[in-house]
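Peer 1: Have a look at this prediction, sequence included:
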Amino acid sequence: MDIRIVAQPNCSAAAELHRELRQAMRMLGIAERLPIRLSSDPSVNSPRLFIDAARVRPCLPEHGQIGCAACLTTHSIPDREIVRWHLARALGRKTVLFVCSGNAVRSQMAEAIVNHFLGREWAAFSCGLFPLPFWNPVAVALEEIGIAPTGCKPKHIELFLGCRFDMILSLCSSADQFCTAFPGEGRRAHMPFDDPFTSPFFGIGDLNRTRKLRDEMRAALLPYLGGAA
């Protein structure tokens, strides 16, 4: 795989793009074995990322706005998740997008579980209709089974509208009923799970409910995607 960044000399936006690229590569387990070529070009307005000669662009120009101290201009760079999607496709991995209402519990947990156990065949992503901050009990429940939930952040479904996924799984009724613009043209399926975040017992035993969700997801998602890999 050929990875190249072209930018103006001393461009701070290019430095941020390089950091996001490295993080995306680490999440896919390829950070140490693939070099990144850096090219200086004073005629380039914004830093450009190429993977196997194909340019990686932000899906939405207003996302990824980075100010550059060298040229005193604001540049738009692709989000780390978009970069990771392009890298996964270049590696030949299948891609799955998990969608739920808040992207705080279910979809984030499903993403982490699939990337940990099926990462050689699948690259998992997640998003929500109304993104909320990542919920800490999810991190605790995942760490208990050896998964470090690195890179977790809330993401709106619009971020991925320019991406095509092999499979899109909605994990709650809200996402399945009210979302009319799913990304790409991949196979769609609905696999609902209860949300411990909205439990009437929120604050009492919520970690146990999150553990139950973790175990249910692991038992359901791994054979489902394993059979489709």
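Peer 2: It's in.

Peer 1: so how far is the helix or strand hosting residue 98 from its chain's centroid?
Peer 2: Element membership for residue 98, per DSSP states H and E: strand 94-100. In terms of Cα atoms, centre = their mean, to the nearest Å, the centre of strand 94-100 is found 9 Å from the chain centre.

Peer 1: go on, stretch 91-99?
Peer 2: The chain centre lies 9 Å from the centre of stretch 91-99; the measure is Cα atoms, centre = their mean.

Peer 1: which residues sit against it?
Peer 2: If you take Cβ atoms under 8 Å, 6 or more residues apart in numbering as the criterion, stretch 91-99 is touched by 1, 28, 30, 85, 88-89, 106-107, 110-111, 114, 120-129, 157, 160, 163, 165-171, 175, 179, 182-183, 186, 225, 228-229. Using the backbone N, CA and C atoms, a C-beta is placed for each residue, glycine as well.

Peer 1: 7 Å - rerun?
Peer 2: Stretch 91-99 is touched from outside by 28, 85, 88-89, 107, 110-111, 114, 121-127, 157, 160, 165-171, 175, 179, 183, 225, 229, with contacts defined as Cβ atoms under 7 Å, 6 or more residues apart in numbering.

Peer 1: Check which element follows the strand holding residue 98 along the chain.
Peer 2: Following strand 94-100 in sequence order, the next helix or strand is helix 106-118 (DSSP H and E).

Peer 1: Alpha carbons of that next one, as CSV, please.
Peer 2: The C-alpha atoms that make up helix 106-118 are tabulated as CSV, following Å, rounded to 0.1, in the frame of the first residue of the first chain:
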residue,chain,number,x,y,z
ARG,A,106,-24.5,-0.1,21.9
SER,A,107,-22.9,0.9,18.6
GLN,A,108,-19.6,1.8,20.3
MET,A,109,-19.5,-1.5,22.1
ALA,A,110,-20.3,-3.5,18.9
GLU,A,111,-17.6,-1.7,17.0
ALA,A,112,-15.0,-2.5,19.7
ILE,A,113,-16.0,-6.1,20.0
VAL,A,114,-15.9,-6.8,16.2
ASN,A,115,-12.6,-5.0,15.7
HIS,A,116,-11.0,-6.9,18.6
PHE,A,117,-12.2,-10.4,17.7
LEU,A,118,-12.7,-10.2,13.9
